[in-house]
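[1] Build the 3D model from these lines:
(chains A, B, C, D and E)
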Amino acid sequence: MCGRFTVKTPAIKVGELFDLSGIDDFEPRYNVAPTQSVPVIRREEGTTKRELVWMRWGLIPRWAKDLSVGAKAINARAETIAEKPMFRDAYAKRRCLVIADGYYEWKASGKKKQPYYLHFPDARPFAFAGLWERWTGPTESVTSFTIITTAATGKLAWLHERMPVIVPPEHYPLWLPGNGGVSDIPVGINDDLIAEPVSSLVNKVSNDTAECIRPIESNNLLD
DNA sequence: CCAGACGTTGTT
DNA sequence: GTCTGG
DNA sequence: CCAGACGTTGTT
DNA sequence: GTCTGG
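    Below is the predicted model of the structure:
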């Protein structure tokens, strides 16, 4: 699955890689947690352009009475998003690319949990397949998103049952429907992912520093 | 019909 | 143990 | 996902 | 809002 991730790449570089223009700057994030807001890419309404929008992690459906509903929907199963009432509208009309350059998984070994940091060899940024929704409450309006998961492939299966769907760059246009078209979930490109154990994450979510990534071993343990 | 959930993961 | 907040 | 709380009454 | 369970 995907319960924490990083966005360390400078905004300027993200803008280049994802073909965005005139985006706002943002600080690197080393430990993004659910309910926090991060920059996400979606199709600008009524145009063919991509835009960067800050969204809260955890999809809040339109019918929610309050924000708390979103905390339970940080992931959506690829197998069922087309049918689930909570996700189907967003799946048909409101997809997004969640910018990241790594994410965390926890592997239980005995009574302890070992966090692993997964990333590409060159720390290259990538995009999770996401869905977004706009919720309007009595006093505020919030745009939120969820990250799609699927069954882990053989290479990552040793670590986890589920993995986030990563959209290959060539599928970005397909995933962000600019013409109303709907495509299937793109196949992830996780084969190059490296998983390395980290000593721990920071205790407090708000302590959003590089300290949370401290490899124990430099070798990747995928093989 | 109304009331209550609407989600995922992991662990037992 | 289970729920809430981040 | 993890970390931290998890309760009430009355008094300052 | 819409679906499920009773």
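[2] Surely A:Ile12 is within a strand?
    No. Under DSSP: H, G, I helix; E, B strand; the rest coil, A:Ile12 sits outside any strand and is assigned helix.
[3] what's the neighbour count on it?
    A:Ile12 has 10 neighbours, counted by other Cβ atoms under 10 Å. C-beta here means a position set from N, CA and C on the backbone, and glycine is covered the same way.
[4] what's the pLDDT at the residue lying closest to it once chain neighbours are set aside?
    Among residues not flanking A:Ile12 along the chain, A:Asp25 sits closest, at 7.7 Å (Cβ to Cβ, 6 or more residues apart in numbering). At A:Asp25, the model reports a pLDDT of 96.
[5] how much space is there between A:Asp25 and DNA strand E?
    Separation of A:Asp25 from DNA strand E (Cβ to the nearest atom of the strand, to the nearest Å): 38 Å.
[6] Ramachandran angles for that residue?
    When read as degrees, to the nearest 10, the backbone of A:Asp25 gives phi -70, psi 160.
[7] for A:Arg134, same thing?
    Residue torsions, per degrees, to the nearest 10, at A:Arg134 are phi -110, psi 130.
[8] Tell me who's in contact with it.
    By Cβ atoms under 8 Å, 6 or more residues apart in numbering, A:Arg134 lies in contact with A:Arg62, A:Ser141, A:Val142, A:Thr143, A:Ser144.
[9] Swap in 10 Å and give it another go.
    A:Met55, A:Ile60, A:Arg62, A:Ala90, A:Arg94, A:Ser141, A:Val142, A:Thr143, A:Ser144 (Cβ atoms under 10 Å, 6 or more residues apart in numbering).
[10] Over to A:Pro10?
    Neighbour list for A:Pro10: A:Glu16, A:Asp25, A:Phe26, A:Glu27, A:Pro28, A:Pro125 [criterion: Cβ under 10 Å, 6+ apart].
[11] pLDDT value on it, please?
    Reported pLDDT for A:Pro10: 96.
[12] Does A:Ser141 touch A:Arg56 like I think?
    No. A:Ser141 is beyond contact range of A:Arg56, at 11.2 Å (criterion: Cβ atoms under 10 Å).
[13] And those two? Which one has more around it.
    More crowded of A:Ser141 and A:Arg56, by other Cβ under 10 Å: A:Arg56, with 21 against 8.
[14] Now do A:Phe18: how many residues are near it, please.
    A:Phe18 has 18 nearby residues by other Cβ under 10 Å.
[15] A:Leu131 now?
    A:Leu131 has 26 nearby residues by other Cβ under 10 Å.
[16] Show me what it bridges to in the sheet.
    A:Arg95, A:Thr146 (DSSP bridges).
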